[in-house]
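Asks: A structural model of the following input is requested.
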Amino acid sequence: MRLMDKDTQDQVRNLLSAVRSPVTIHMFTQDFECGYCKETRQIAEEVAELSDQLTLHVHDFLKEKELAEAMGIDKIPALAINGENDRDYGIRFYGIPSGYEFTSLLEAILAVGTGEVDLDPATLEFLESLETPLHLQVFVTPTCPYCPQAVVLAHRLAMASDKVRADMIEVTEFPHLGQRYSVMGVPRTVINEDTYIEGAVPEFMLLEKVRAAVALSAN
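Replies: Next comes the predicted model:
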């Protein structure tokens, strides 16, 4: 049974018509599938069918351990949204991108497939000066209407800089991470392990927190 009905398929197909360059979706799962691996794979398969510019590669997390490690994939289900010539922008989804997070998946595909990054000049200037790796982990649930805003913003930073990796993490699938990072509500963005920001904040507020995290890491 398909997850998307015909009306949803038509809407997604129309949205993806804006994609101008190839997009590769790397899906990591395993033979003995995790709780939402099957559903995540089905979402990826159904979306990939709706545009000639999309290609889906499904990988076994255990059998293709070297590839997973090379891409920094350390848990499943996982999706990486890569660009033309399989360029890795550091855009990751850990857990099923369902509910409101389906929007985040489509936004990531559109961003990579169009090359358009809507960020303020101050943010772009900061990212150009970035010398050390920056890791953003955005904890979400599928029922959170505010979470996609935080995820999309983090992914835009990843697209704009090779130094940035941005993960969507569906917290109910990874409760140990929720405990580790004291996630009491969503969205919660963890910046370089030790800096946090709550809510779907404006870009300038995230930038302030990112600056603080980078400065902390430098000390």
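Asks: shaky segments in the protein?
Replies: Counting by pLDDT under 70, the chain shows low-confidence ranges at 33.
Asks: domains in it, by residue range?
Replies: Per automatic domain parsing, the structural domains of the chain span 20-114, 121-218.
Asks: between the two ends of the first one, what distance do you get?
Replies: Distance between the boundary residues of domain 20-114 (C-alpha to C-alpha, to the nearest Å) amounts to 6 Å.
Asks: before we move on, what about stretch 114-123?
Replies: Stretch 114-123 has its terminal residues 20 Å apart, counting by C-alpha to C-alpha.
Asks: could you do stretch 70-81 as well?
Replies: Terminal residues of stretch 70-81 lie 15 Å apart, using C-alpha to C-alpha.
Asks: and the contacts of it?
Replies: 23-30, 34, 36-37, 40-41, 44, 61, 68, 88-89, 91-97, 105, 108-109, 112, 165, 173-174 (C-beta atoms under 8 Å, 6 or more residues apart in numbering). Backbone N, C-alpha and C define where each C-beta goes, glycine included.
Asks: at 7 Å what do you get?
Replies: Applying C-beta atoms under 7 Å, 6 or more residues apart in numbering, the external contacts of stretch 70-81 come out as 23, 25-30, 34, 36-37, 40, 44, 61, 88, 91-97, 108-109, 112, 165, 174.
Asks: which SSE is the most centrally placed residue in the chain in?
Replies: The centre of the chain sits closest to R92, judged by C-alpha atoms, centre = their mean, with a distance of 3.5 Å. For R92, the host element (DSSP states H and E) is strand 88-94.
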